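Visitor: Structure, please.
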Amino acid sequence: MGRIDRTYLFFAANYFAQGISGIAYEPIDYLLKDRLGLSAGQASVFVFWMTMPFLIKPLFGLLSDLMPIAGRRRLPHILLASATAAASWLCLAAMHRHSYASLLLLLLLANIGIAFSDVVCDAVMVERGKALSKTGPYQAVQIGTLYLSLIVTGIGGGWLSAHASYRQVFALTAVLPALILLSSLWLTEPEATQPPSLALSGLFTLLRSKRFWLLSLLIFLWNFYPFLGTVQFYFQSEVLHLTPVFIGSMSTLGGLAGLLGAAFFWRAHGKLWRPDQALRLGALAGALVSLSYFFYLGPVSVAVVEGIFGFSSVVLRLALMDHLARSCPEHAEGTAFALFMAVFNLTASASNTAGGTIYDAARAAHYSPAAAAYGLIFIGSLCTACCWWLVPAALSKD
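Guide: As a prediction, the model looks like this:
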């Protein structure tokens, strides 16, 4: 099998493993709400700390870029990361009772493994994608595989929430990092020979550029949607009274829509429009579609909104990530791309935490759940609309 095919297999196996681990997240939501008795705001704070490793991905990038193991910058690191994730899930499965502290610590370690694996995988994508002008198609495979996993985790997470114990969920999830180990079979890597000074020089140049900060602002505006996440889950379960299986099926629907969006981007990349044009079109689509959450009223409307949003949001995400990958300096691919992804994750975490806090405050002030939710939807839609105006400046040369 040729090198390109082996690279695609590496991306597919790695991202499917990362995505399928999300099968535990809906059960964890119920564990926080029902077993630990956390409010929406308290649960969003827990999720913030639990996902902290995704906010410090540049540190993992530095470890991979600047600290080779046995002369290699990628393969040894991904093996260590996947082993860490598997061990953490196994410890959770072995526990009979889950306290706030023990649950947070072990989920934090599991996410360290997943986040580190993701950084290494993205570094390979940037290195080989730039050399072959394939950053867009490579990322379409990555994101398409991630959404394919959501098809499984949506219904699967809902079913597990209703029928399986938390220990059984964690035991099942512990098996999944083996797919990351499997992905290493399709990763061939030459020995690292460049000095660390080259990577550091490229990083400093990137951080001093106006484009880096404009692109970071664009990422922030697109991702800051405080209704999505914890508040959305509480709104679905407590206000709309949707069942765990239906909530999980919405994740599956979103995964299917995202998979179709990734396939559409794959076909359209470089054919129907240039990558930069796709970014502007994606920003316009996102600004319009983000308003659809005002119609989040019942099972039918929830399904329609999730399908439309899942498909259209992929256009901007893939177009933007393609541009980010092409902006990364040589020899520091892991750290540079991880910096951009850290902005994605920091914004998502801040958005989720702010959403839960504002929602709790609005409910304490005797606003109805619907009024609190619509306020958060308006904030998110306004931020998304600003992306359309920012795109030309973010794409301009320094």
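
Visitor: The helix or strand of the chain with the lowest mean pLDDT: what's the following helix or strand?
Guide: When each helix and strand of the chain is scored by mean pLDDT, DSSP states H and E, helix 275-289 comes last, with a mean of 71. Following helix 275-289 in sequence order, the next helix or strand is helix 299-326 (DSSP states H and E).

Visitor: for that next one, the distance to its chain's centre please.
Guide: 12 Å (Cα atoms, centre = their mean, to the nearest Å).

Visitor: For that helix, name the packing helices and strands.
Guide: When contacts are defined as 3 or more Cβ pairs under 8 Å, 6 or more residues apart in numbering; DSSP states H and E, helix 299-326 packs onto helix 100-132, helix 135-163, helix 210-223, helix 244-268, helix 275-289, helix 333-364. C-beta: built from backbone N, CA, C; applies to glycine.

Visitor: Quick one: distance of the fourth one to the chain centre.
Guide: The chain centroid and the centroid of helix 244-268 are separated by 14 Å, computed with Cα atoms, centre = their mean.

Visitor: Quick one: residues in contact with stretch 333-344.
Guide: Contact partners of stretch 333-344, identified using Cβ atoms under 8 Å, 6 or more residues apart in numbering, comprise 54-58, 60-62, 64-66, 73, 118-120, 122-123, 125-127, 130, 199, 202-203, 206, 212, 215-216, 219-220, 223, 321, 324-325, 327-329.

Visitor: among these, which ones are buried?
Guide: With burial judged by 16 or more other Cβ atoms under 10 Å, the buried subset of the contacts of stretch 333-344 is 54-55, 57-58, 60-62, 64-66, 73, 118-120, 122-123, 125-127, 130, 199, 202-203, 206, 212, 215-216, 219-220, 223, 321, 324-325, 327-329.

Visitor: For residue 13, see how far away the nearest residue to residue 86 once chain neighbours are set aside is.
Guide: Spatial nearest neighbour of residue 86, excluding adjacent residues (Cβ to Cβ, 6 or more residues apart in numbering): residue 177 at 4.1 Å. Separation of residue 177 from residue 13 (Cβ to Cβ, to the nearest Å): 11 Å.

Visitor: Have a look at the two and say which one is more surrounded.
Guide: residue 177 (26 against 21; other Cβ atoms under 10 Å).

Visitor: for the more buried one, what are its contacts?
Guide: 17, 21, 82-83, 85-86, 89, 113-114, 117.

Visitor: Mind giving me the PyMOL select for those residues, buried ones only?
Guide: This is the PyMOL syntax for the buried subset of the contacts of residue 177, where burial follows 16+ other Cβ under 10 Å:
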select buried, resi 17+21+82+85+86+89+113+114+117
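
Visitor: what about the residue lying closest to residue 100 once chain neighbours are set aside, how many neighbours?
Guide: Leaving out its chain neighbours, the residue that sits closest to residue 100 by Cβ to Cβ, 6+ apart is residue 36, at 6.0 Å. As a burial measure, residue 36 scores 14 neighbours (other Cβ under 10 Å).

Visitor: residues touching residue 253, list them.
Guide: Taking Cβ under 8 Å, 6+ apart, we find residue 253 in contact with 154, 303, 306-307, 310.

Visitor: What are the buried residues along stretch 353-373?
Guide: Those would be 353-360, 362-363, 369, 372-373, for stretch 353-373 by 16+ other Cβ under 10 Å.

Visitor: Same check on stretch 169-179?
Guide: 169-174, 176-177, 179.

Visitor: now it: mean pLDDT?
Guide: On average, the pLDDT along stretch 169-179 is 87.

Visitor: again, but for stretch 187-199
Guide: The average pLDDT within stretch 187-199 is 69.

Visitor: From residue 58, how far off is the residue most central in space within the chain?
Guide: In the chain, the residue lying closest to the centroid (Cα atoms, centre = their mean) is residue 345, at 6.9 Å. Here residue 345 is placed at a distance of 11 Å from residue 58 (Cβ to Cβ).

Visitor: Residue 201 too?
Guide: Separation of residue 201 from residue 58 (Cβ to Cβ) stands at 16 Å.

Visitor: I'd assumed residue 147 was in contact with residue 263.
Guide: No: with contacts defined as Cβ atoms under 8 Å, residue 263 does not count as touching residue 147, sitting 9.6 Å away.

Visitor: Distance-wise, check residue 56 relative to residue 314.
Guide: Here residue 56 is placed at a distance of 26 Å from residue 314 (Cβ to Cβ).

Visitor: so which of the helices and strands packed on helix 299-326 comes closest to residue 390?
Guide: Of all those, helix 210-223 sits nearest to residue 390, with 5.3 Å by Cβ to Cβ.

Visitor: any idea which helix or strand comes after the closest one?
Guide: Assigned by DSSP H and E, the successor of helix 210-223 is helix 230-234.

Visitor: residue ranges with poor pLDDT in the stretch 101-250 of the chain?
Guide: Scanning the stretch 101-250 of the chain with the threshold set as pLDDT under 70 gives 154, 190-197.

Visitor: if you set the cut-off to 80 instead, what comes out?
Guide: 131-133, 150-162, 182-202, 244-245, 248-249 (pLDDT under 80).
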